[in-house]
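model this:
(2 chains)
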Amino acid sequence: MTTQEAIYKYALRLGDNSLILGHRLSELCSRGPILEEDLALTNISLDMIGRTQALLKYAAEIEGKGKTEDDLAYRRPENNYYNNLITEQPNGDFAHTITRQLFISVFEYLFYSQLEKSKDETLSAIAKKTVKEIKYHMQHATDWTIRLGDGTEESHKRMQKAVNDLWMYTGELFEMDEVDTLLFREGISADLIPIKAQWQNDIKIILIEATLTLPEDSFMQTGSKQGIHTENLGHILAEMQYLQRAYPDAKW
Amino acid sequence: MYNEHSDAHFQMRIDKGEHIEAKDYMPENYRKHLIRQISQHANSEVIGMQPEGNWITRAPSLRAKQILLAKIQDEGGHGLYLYCAAETLGVSRVELIENLHEGKAKYSNIFNYPALNWADIGAIGWLVDGAAIVNQVSLQRTSYGPYSRAMVRICKEESFHQRQGYEIMAKMMKGTKDQQAMAQDAMNRWWWPALMMFGPHDTDSPHSSDAVKWKIKRETNDELRQKFIDKTIPQAELIGLKVPDGKIKLNEKTGHYTIGEINWEEFYRVIAGHGPCNKQRMEHHIKFHEEGAWVRKAAVAHKQKHLKKELQTV
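A predicted model of the protein is given here:
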């Protein structure tokens, strides 16, 4: 694998993460528990789709086959998607939406803070912009986790269930494959090992404040870095890619 | 003796063109009329998120998805500050939403129509927001201060929405045959309901007379509708869309278009609850409001716990 090929895969992977989570959040439009949350969730979704545009555009440039960011977003089959499994998990109840966001935002904050220092100028520039946005996403998710964890008996129960349900998808966030190690050696990618320790610590502090229990580590689901997904992704893509697939000659 | 709390004094202020503010004296019917109108407006913004939201997950490009997300977010924001404007009149958001759910408060009839193809997103922006702007531009001069100021803010964003809607339509009319057919189909379905958004003819409008006297309403339904028609028909022609009305004529002398007869039977039928989506829109809103109840309850419980803790440490 050349460095360019690795950067392509890396940018694609990051772009897929924000594309799929952004899509999931966009499903919540007009479905929030209160109007203010409708706005907040749409806003986070908007940040994510904006980030996707920058990352997939860069991936397309690196690939050098004349594709656009939309070609990459709307014309790839399921097993060519590399988003983490947690991003494609259903919104569930608000506790699941918030917990998914908490796990991902805390990770992304640590991750993109490191990526700011990347020797790749484009990735570094995207990371700088992204970190500012993620700070808000993380604050939002943290506040709600504490509020719901330490709210009523029902909200506490729901939050604990969401934490338990989603825990098995968190291990994958820190897996390093050939792409990661190659780019790390060249000072381009982030090192996921120290991020993992920091993430576990940060999440623990938040969950304790929320009076929630950190689950015991059990088997962690894996596969996305090889393009193997949960059943959810196929449905997301069927919906998302509908117009592009049904009218391949049309420009939108 | 001179009385600042009299209807005569109030009317004098209105006639002088002054804004009425939340704490000023106002006749009870003025207050009621405003609550009804502003809450209907707020509800419309919020219910309007549904037909557009129906296409967010199928938006055909990243750019289209971003624009649509931003637009719907704007609509939600409009709803929020219109609810706040209504609250200045002494009613709470909880009550306003209850009234909506119980059918006591209305929302714009237009959202009882379905968004069936991607061009509907264009048509909603161009025709529905376009019609709304004509009304809202006029409402910037409405006599109630908080409502007037909300309108100034809303108009800025709505004109952006209208442009993006028109852009979608123009793009599709330049596109493949399928895209052109979608655009025309959307035009056919949204044109007449958009004209109905201005309400019945002036001669049949039950709320108009007081509203005009109090300068809540600055122009009549028919005047506003005519403005919209005159503005929109040339825009349609420019991109090759056919207006679905065989009776359209331009009166060279007045510069105004005349149109065929609006189907008022349909208008009243949809208002009475028999539009294609009345039931669906309301059930959606009630369902997610109810599903969110535990979240709202938890937020209050959390706040109270922490207030208690703070008080104990003082």
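
contacts and neighbour counts: CA atoms only from here.
OK.

could you tell me which residues of the stretch 101-250 of chain B lie near chain A?
For the stretch 101-250 of chain B, the residues in contact with chain A (Cα under 8 Å from any Cα of the partner chain) are B:168, B:171-172, B:175-176, B:179.

from the residues you listed, which two are the most distant?
The distance between the two most remote of these (Cα to Cα) is 13.3 Å, for B:I168 and B:T176.

the more surrounded of the two?
More crowded of B:I168 and B:T176, by other Cα atoms under 10 Å in any protein chain shown: B:I168, with 22 against 15.

next, count neighbours for residue 220.
Looking at chain A here, since you left the chain open. Applying other Cα under 10 Å, we find 11 residues neighbouring A:M220.

let's do chain B instead
Considering only other Cα under 10 Å, B:T220 is surrounded by 19 other residues.

so it makes contact with B:D202?
Yes: B:T220 is within contact range of B:D202, at 6.5 Å (criterion: Cα atoms under 8 Å).

ok, the residue of chain B with the smallest separation from chain A to A:L214 distance?
Going by Cα to the nearest Cα, chain A is nearest to B:G292 of chain B, at 3.8 Å. For B:G292, the distance to A:L214 (Cα to Cα, to the nearest Å) stands at 25 Å.

now do B:C155
B:C155 sits 49 Å away from A:L214, going by Cα to Cα.

so which of those two has more stuff around it?
Higher neighbour count among B:C155 and A:L214: B:C155, with 21 against 17, using other Cα under 10 Å.

which helices and strands sit right next to whichever strand or helix holds that one?
Counting by DSSP states H and E, the element that carries B:C155 is helix B:145-173. The elements that helix B:145-173 packs onto, with contact taken as 3 or more Cα pairs under 8 Å, 6 or more residues apart in numbering or on different chains; DSSP states H and E, are helix B:62-87, helix B:118-123, helix B:129-139, helix B:177-196.

pull out the buried residues from that helix.
Within helix B:145-173, the residues that qualify as buried are B:145-148, B:150-152, B:154-155, B:158-159, B:161-173, counting by 16 or more other Cα atoms under 10 Å in any protein chain shown.

mind checking pLDDT for the residue of chain A found nearest chain B?
Relative to chain B, the nearest point of chain A is A:P33 (3.8 Å; Cα to the nearest Cα). Looking at A:P33, its pLDDT reads 97.

show me where pLDDT drops low in the chain?
Chain wasn't specified; assuming chain A. For chain A, no stretch has pLDDT under 70.

my bad, the chain I had in mind was chain B
Short version for chain B, where the test is pLDDT under 70: B:1-2, B:206-208, B:314.

mind doing that once more with 90?
B:1-5, B:156-160, B:202-213, B:216-218, B:306-314 (pLDDT under 90).

what number of residues lie near residue 136?
Here I'm looking at chain A. Per other Cα under 10 Å, the neighbour tally for A:Y136 reads 15.

my bad, chain B
Neighbour count of B:Q136, defined by other Cα under 10 Å: 20.

these two touch, right, A:L214 and A:K204?
Yes: under the criterion of Cα under 8 Å, A:L214 makes contact with A:K204 at 6.6 Å.

nearest residue to A:R31 other than its sequence neighbours?
B:F288 (5.5 Å; Cα to Cα, 6 or more residues apart in numbering or on different chains).

same check, this time on A:K57
Excluding the flanking residues, the one nearest A:K57 by Cα to Cα, 6+ apart is A:E69, at 4.5 Å.

how near is that neighbour to A:I7?
Distance, A:E69 to A:I7, by Cα to Cα: 15 Å.

equivalent analysis for A:F219, please.
From A:F219 over to A:I7 the distance is 30 Å, taken as Cα to Cα.

who has more neighbours, those two?
A:I7 (23 against 10).

isn't the more buried one up against A:E63?
No: with contacts counted by Cα under 8 Å, A:I7 stays clear of A:E63, the gap being 9.1 Å.

can you show me the helices along the stretch 1-150 of chain A?
With DSSP state H, counting those that start in this stretch, the ranges of helices along the stretch 1-150 of chain A come out as A:3-26, A:35-63, A:69-74, A:94-115, A:121-149.

I'd like those helices as TSV, with distance to B:E283 appended.
As requested, the helices of the stretch 1-150 of chain A are arranged in TSV below (distance: least, Cα to Cα, whole Å):
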stretch	distance to B:E283
helix A:3-26	20
helix A:35-63	16
helix A:69-74	32
helix A:94-115	19
helix A:121-149	26
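
nearest to B:N29, of the ones you listed?
Closest among the helices of the stretch 1-150 of chain A, using Cα to Cα: helix A:35-63, at 28.8 Å.

how about the contacts made by A:H137?
A:44, A:101, A:105 (Cα atoms under 8 Å, 6 or more residues apart in numbering or on different chains).

my guess is the last one meets A:I134, correct?
Yes: taking contacts as Cα under 8 Å, A:S105 lies within contact range of A:I134: 6.3 Å.

and the gap between A:T87 and B:Y166?
From A:T87 over to B:Y166 (counting by Cα to Cα), the distance is 34 Å.

and if you look at A:T68?
The value you get for A:T68 to B:Y166, if Cα to Cα is used, is 24 Å.

next: B:H285.
Separation of B:H285 from B:Y166 (Cα to Cα): 28 Å.

run a quick neighbour tally on the spatially closest residue to B:Q73 that is not a sequence neighbour.
Nearest residue to B:Q73, sequence neighbours excluded (Cα to Cα, 6+ apart): A:L39, at 5.6 Å. Using other Cα under 10 Å, A:L39 has 24 neighbouring residues.

OK, contacts around A:L39?
By Cα under 8 Å, 6+ apart, the contact list for A:L39 reads B:73, B:76-77.

format these as CSV; extra columns: distance to A:F111 and neighbour count.
Below are the contacts of A:L39 laid out as CSV (distance: Cα to Cα, whole Å; neighbours: other Cα atoms under 10 Å in any protein chain shown):
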residue, distance to A:F111, neighbour count
B:Q73, 28, 23
B:G76, 32, 28
B:G77, 32, 20
